[in-house]
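Undergrad: Sequence first, predicted model second:
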Amino acid sequence: MKKAILCIALTAALSTSAFALEVPSETVVQNLNGSQQVIKTYTLPPEGDPQELIEEPFVLEGYLYTFADIVKTENRADDTRAETETVTIETAKNDLSLILEQLAPTIDYDDGQYQGTLTLDHTTIRTEAAGYTTKSYTVTAAKTIGPVDRNDMSYVPATTVKDGRTLNLSNVEWQVTGTELVGGVLMPSSYQAVATYSGAASYSAATGYVTTADYVGEVSRDGVESVTYQLTYLGEADASAGSEDGPWLLSVLSTRWPYILGGVGSAVLLILVTLLLRSRREIRRLRSEQESMLPEDNDEEEESERETDSTIS
């Protein structure tokens, strides 16, 4: 049932839209040098079809009008506006010279309506890191200890601090800084230690850089924005008009028939929907009455059977 209602509604809507003609922006009725004329003016988009504007002969105020001529006038748009376009580039380094190599001094702009040339605005160049990653490196430090009387590791600290970071001893090189004769043999008398310390460190490094910049300038358009059509209909006295009301009625029908048919279609649709809803309510009422009568019928049958058994016995 719902599908039937939907089909009827769609049919009525399509019928109404099929008769919805383009409405003229201006209609002039005039008599020019003895020529009775109706001039209708329409404004359509550039892709509009003017042939759809031409009407069949119609009667208006006692005259039968037929199509005679159409005049086309293109309405051109010629204006300018300020435009800004933002571009984005990527570089491996945050180096202005590398960035400017990828930013053209000017770019062409065309959005299908406006065209022009935009110029790079250097004050709008903005660069930031595209992302970050963690990188590791080794920190080293050398420390000289001495002179000491012997090459003993107890003189060498196990750790040292550099830039607030604690480094561990990684290597020691002993050097002789003094000698003396012992039993006719020259022996080391003092030493110094060159200790090397190292440690791991990390830092956050950019994975790349993203730069945005604005191009600014004026763009303009010069093209057909719309088209105006003037349709001229020539009229002759309608000999078939039998009364004063006849031409008036025919003119009304000839100019208003799309809206009349649309209104009639809507009224018919409303009536059909109302009838369908009433039918559904009536069917439900009849079913309800039938169901309520079933128990009474069963009681009558049982009473009849009991009377029959009594008669037989």
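TA: Sure, I can see it.

Undergrad: Next, residue 286: secondary structure please.
TA: Counting by DSSP: H, G, I helix; E, B strand; the rest coil, the backbone at residue 286 sits in helix.

Undergrad: On the strand side of things, show who residue 39 bridges to.
TA: On the basis of DSSP bridges, residue 39 is bridged to residue 28, residue 232.

Undergrad: wait, what's in contact with it?
TA: The contact partners of residue 39, by Cβ atoms under 8 Å, 6 or more residues apart in numbering, come to 27-28, 30, 230-233. For the C-beta atoms, the positions are set from N, CA and C on the backbone; glycine is no exception.

Undergrad: next SSE after the helix or strand harbouring residue 136?
TA: If you go by DSSP states H and E, residue 136 is part of strand 115-148. Going down the chain from strand 115-148, the next helix or strand is strand 159-162, by DSSP H and E.

Undergrad: What pairs with that next one, parallel or antiparallel?
TA: Strand pairing for strand 159-162, determined by DSSP bridges: strand 165-182 (antiparallel).

Undergrad: can you tell me the average pLDDT over the strand it pairs with?
TA: Strand 165-182 comes out with an average pLDDT of 95.

Undergrad: buried residues in that strand?
TA: By neighbour count on 16 or more other Cβ atoms under 10 Å, the buried set for strand 165-182 is 167, 169, 174.

Undergrad: Pretty sure residue 279 sits in a helix.
TA: Yes. Applying three-state DSSP, one finds residue 279 inside a helix.

Undergrad: distance of it from residue 266?
TA: Between residue 279 and residue 266 the distance is 21 Å, computed by Cβ to Cβ, to the nearest Å.

Undergrad: repeat for residue 214
TA: Applying Cβ to Cβ to residue 214 and residue 266 gives a distance of 54 Å.

Undergrad: Equivalent analysis for residue 139, please.
TA: Using Cβ to Cβ, residue 139 is found at 87 Å from residue 266.

Undergrad: How about residue 125?
TA: 62 Å.

Undergrad: Just grab the bridge partners of residue 131 for me.
TA: Residue 131 has these beta-bridge partners by DSSP bridges: residue 208.

Undergrad: ok, back up a step: now that we have the contacts of residue 39, which one has the most neighbours?
TA: Scoring the contacts of residue 39 on neighbours with other Cβ atoms under 10 Å, the highest-scoring entry is residue 233 at 22 neighbours.

Undergrad: And what about the nearest residue to residue 45 once chain neighbours are set aside, helix, strand or coil?
TA: Closest residue to residue 45 apart from its sequence neighbours, by Cβ to Cβ, 6 or more residues apart in numbering: residue 226 at 6.1 Å. Judged by three-state DSSP, the three-state class of residue 226 is strand.

Undergrad: Looking at residue 279 and residue 266, which has the bigger crowd around it?
TA: Of the pair residue 279 and residue 266, residue 266 is the one with more neighbours under other Cβ under 10 Å, namely 14 against 11.

Undergrad: So that one: helix, strand or coil?
TA: Residue 266 - assigned by three-state DSSP - is helix.

Undergrad: for residue 239, same thing?
TA: For residue 239, the assignment made with three-state DSSP gives coil.

Undergrad: That one and residue 30, how far apart?
TA: 22 Å.

Undergrad: In contact with residue 229, which residues?
TA: Going by Cβ under 8 Å, 6+ apart, residue 229 touches 41-44, 50, 53, 70-73.

Undergrad: Of those, which is the most crowded?
TA: Tallying neighbours with other Cβ under 10 Å puts residue 42 at the head of the contacts of residue 229, with 19 neighbours.

Undergrad: Give me the pLDDT for residue 9.
TA: At residue 9, the model reports a pLDDT of 44.

Undergrad: I'd guess residue 282 is in a helix, am I close?
TA: Yes. According to three-state DSSP, residue 282 belongs to a helix.

Undergrad: That one: how many residues sit nearby?
TA: As a burial measure, residue 282 scores 10 neighbours (other Cβ under 10 Å).

Undergrad: Dump the contacts of residue 39 into TSV; add distance to residue 181 and pLDDT as well.
TA: Putting the contacts of residue 39 into TSV (distance: Cβ to Cβ, whole Å; pLDDT from 0 to 100) gives the following:
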residue	distance to residue 181	pLDDT
27	134	96
28	135	97
30	140	96
230	130	97
231	132	98
232	136	98
233	138	98
